[in-house]
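Peer 1: got a predicted model here, sequence first, then my questions.
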Amino acid sequence: MSRKTNVRHFEENLSELDTLVTQLESNQLSLEEALKAFEKGVKLSQECQTVLTQAEQKVQILLEKQDGEHLETFDPELNS
């Protein structure tokens, strides 16, 4: 998945997670619906955390190499 795709999915997931939180806080969902929403929220949260971790690793690589040396290509598939 490309970096732009990761960012787009991150933003979409974050927006969906915000919607789920709002729904859960409204107390308008049945117990079954609330459990499904919570489960989906946990999954979205994990996906967002993965993207953030990859971004953090990329920043770390850039900071370590900032003295002008050749920058390594960051491949999240290799660094997972």
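Peer 2: The structure has been received and is ready for your questions.
Peer 1: all strands for this structure, in order.
Peer 2: With DSSP state E, there are no strands along the chain.
Peer 1: what about the longest helix in it?
Peer 2: helix 31-64 (DSSP state H).
Peer 1: average pLDDT for that helix?
Peer 2: Averaged over helix 31-64, pLDDT sits at 92.
Peer 1: who are the packing partners of that helix?
Peer 2: Packing partners of helix 31-64 (3 or more C-beta pairs under 8 Å, 6 or more residues apart in numbering; DSSP states H and E): helix 3-26. Using the backbone N, CA and C atoms, a C-beta is placed for each residue, glycine as well.
Peer 1: could you find the closest non-adjacent residue to the residue positioned nearest the centre of the chain?
Peer 2: Geometric centre of the chain, nearest residue: residue 48, 1.4 Å, by C-alpha atoms, centre = their mean. Of all residues not flanking residue 48 in the chain, residue 13 sits nearest, at 5.3 Å (C-beta to C-beta, 6 or more residues apart in numbering).
Peer 1: and that neighbour, how far from residue 19?
Peer 2: For residue 13, the distance to residue 19 equals 11 Å [C-beta to C-beta, to the nearest Å].
Peer 1: same check on residue 44?
Peer 2: In terms of C-beta to C-beta, residue 44 sits 10 Å off from residue 19.
Peer 1: with residue 57 instead?
Peer 2: Taking C-beta to C-beta as the measure, residue 57 and residue 19 are separated by 29 Å.
Peer 1: of residue 13 and residue 19, which one has the most company?
Peer 2: Per other C-beta atoms under 10 Å, whichever of residue 13 and residue 19 has more neighbours is residue 13, with 18 against 13.
Peer 1: dump the residue contacts of the more buried one.
Peer 2: By C-beta atoms under 8 Å, 6 or more residues apart in numbering, the contact list for residue 13 reads 44, 47-48.
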